[in-house]
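>>> Quick one: sequence plus predicted model below, questions after.
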Amino acid sequence: MPETSSPAAAPADAAPPAHAWLQAWRVYLEPSSLRMLALGFAAGLPLLLVLGTLSFRLREAGIDRSTIGHLSWVGLAYGFKWVWAPLVDRLPIPWLTRKLGRRRSWLLLSQALIMLGLVGMALADPRAALEPIVWCALAVAFGSATQDIALDAFRIESAHTEQQAALAASYQTGYRLAMIWAGAGVLWLAAWAEVPGAAPAAAAAASTPEATLALSYQNAAWASAYLVMSVSMLVGVVTVLFSREPAQVPLPPAKNAAEWLRSALVEPFADFILRYRWQAVLILALIAIYRISDVVMGIMANPFYVDMGYTKDEVATVTKVYGVVMTLLGAFIGGVMAMRWGVMRVLMLGAALSAATNWLFAWLAGHGHDVVALIGVVSADNLASGIASAAFIGYLSSLTNINYSATQYALFSSMMLLLPKFVAGFSGDYVNAHGYAAFFNHTALLGVPVLVLVALAARLQPPAGGEPPAVR
């Protein structure tokens, strides 16, 4: 017989709903959340520099949209990071791991690779040859993906399960602040470094839009901007050096190479299959397509802005600053809603909003150059993206087993990008053939299967992945 009036049924320190919400928001001031804020910045900085910002730079240099779309396959490095995730999860780095610990040593090594790659991208000129900038972009993407592997494990091992959504929101905040700097900051720096009136007559006489863009392009301005971005990675380096290594589950020493390979490569994937059994297929399918409408659309967003006549300052201010602020707002709202209402409800809401907002870009394509309209479209799109990202990261974190956190989370986050990035590589071809409006309309429809899979996954009660030790 339930006793609803008994003190045992209602704890004496139970807070009123309003206070409970206030207490939930205070989680963002805890040390683990603040660490994620800074490390999220380091994680978010490289992504745009090899994808979104790079596509803007290449389009300004007169590179064809189809080529830009194909070059977005550099981002597939994020989709295949599960291949080397077991090494990051288990393999020590000589001397460095002994001094810093397993997670911090891999973070520091990957950050060094990112910085070197960005220097190479700064010195390369896409008009002269694309190959150098592609190889440097691949180095940045590989280093960034490796950093993500170690950082995701660091985050999962740094707090209890119920805090993961809040840590995801803090991570997203740092990530989005970095995207302001790697998006708007690069554009502002490049615009500031440009020499006014360079080659206006030659550009006006060019026979094609690509030739016009190439003749007015100033690579030295972009070079200085990318060099600043390389230096900005020191935020992550300093944070790693002054952070504590999270407590980890001790790993038994392997007796031979075969045993090490089994524990590093086979057991993390076998554990996931054994825990979820047939449900694993549904979960992996959901992970594989959850962000497909956003990722496929995003590759052509910056070429779209260039072709619509928006200036660097307009794009920087509206899409890279104001839009990112809206994403931050969405991430915080999504993190708190997930803690109060559950991840799956917010996961469904984020999927629906993310797909629907692509139709606004289709409308903007027919509306024409209008900064006010751009603000409205970007506001809706980025708010939806923030809500979806916070819920999705919390969902992925809940699936992992603490014993294999780096490898399993790398598998999930890789699958999240693999199919979308591959499809996105053909986005330039589609725009060339059918136009921007049709492209945005059809990317919205890609979100319909996602809603079906979220509804099915919400009916499951999967086993927990294990409780990580708390680190303050």
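Yep, that arrived.

>>> Can you pull out the low-pLDDT segments for the chain?
Scanning the chain with the threshold set as pLDDT under 70 gives 1-29, 32, 159-166, 197-216, 247-257, 260-261, 263-265, 405-406, 461-472.

>>> In it, spot the helix with the most residues.
Ranked by residue count under DSSP state H, the longest helix found in the chain is helix 371-399.

>>> Now do whatever helix or strand comes next after that helix: which elements does it pack against?
Reading on from helix 371-399 to the C-terminus, the next helix or strand found by DSSP states H and E is helix 405-424. Counting contacts by 3 or more C-beta pairs under 8 Å, 6 or more residues apart in numbering; DSSP states H and E, helix 405-424 packs against helix 76-79, helix 85-90, helix 131-156, helix 267-276, helix 279-289, helix 292-299, helix 371-399. For the C-beta atoms, the positions are set from N, CA and C on the backbone; glycine is no exception.

>>> Please identify the buried residues of the longest one?
Buried positions in helix 371-399, judged by neighbour count with 16 or more other C-beta atoms under 10 Å: 374-375, 377-399.

>>> Not counting sequence-adjacent ones, nearest residue to residue 368?
Nearest non-adjacent residue to residue 368, counting by C-beta to C-beta, 6 or more residues apart in numbering: residue 308, 7.4 Å away.

>>> cool, and residue 273?
residue 280 (5.4 Å).

>>> Now for the one you found, how many residues are close by?
Neighbours of residue 280 under the rule other C-beta atoms under 10 Å: 16.

>>> Report whether the expected contact of it with residue 274 is present.
No: in this structure residue 280 lies outside contact range of residue 274 using C-beta atoms under 8 Å: 9.1 Å.

>>> show me the contacts for residue 69.
Residue 69 is in contact with 299, 300, 424, 425, 426, 427, 428, 429, 431, counting by C-beta atoms under 8 Å, 6 or more residues apart in numbering.

>>> 7 Å - rerun?
Residues near residue 69 by C-beta atoms under 7 Å, 6 or more residues apart in numbering: 299, 425, 426, 427, 428, 429.

>>> Could you pick out the buried ones from those residues?
Buried residues within these, counting neighbours by 16+ other C-beta under 10 Å: 299, 425, 426, 427, 428.

>>> Isn't the first one up against residue 72?
Pointing back at residue 299 there. Yes: counting by C-beta atoms under 7 Å, residue 299 touches residue 72, with 4.7 Å between them.

>>> okay, and the common contacts of the two?
Shared contacts of residue 299 and residue 72 (C-beta under 7 Å, 6+ apart): residue 424.

>>> Check what contacts stretch 322-329 and list those residues.
So stretch 322-329 is contacted by 173, 176, 179, 180, 375, 378, 379, 382, 383, 385, 386 (C-beta under 7 Å, 6+ apart).

>>> Please identify which two of these are farthest apart in space.
173 and 375 (21.3 Å; C-beta to C-beta).

>>> coming back round to it: helix 279-289 and the longest helix of the chain, what's the angle between them?
For helix 371-399 against helix 279-289, the angle by axes from the mean of the first three to the mean of the last three C-alpha atoms, to 10 degrees is 160 degrees.

>>> which helices and strands sit right next to helix 371-399?
helix 164-180, helix 323-341, helix 343-356, helix 358-367, helix 405-424 (3 or more C-beta pairs under 7 Å, 6 or more residues apart in numbering; DSSP states H and E).

>>> quick one, what contacts the residue nearest to residue 171 when sequence neighbours are not counted?
Ranked by C-beta to C-beta, 6+ apart and with sequence neighbours excluded, the top spatial neighbour of residue 171 is residue 40, at 4.0 Å. By C-beta under 7 Å, 6+ apart, the contact list for residue 40 reads 170, 171, 172, 173, 174, 175.
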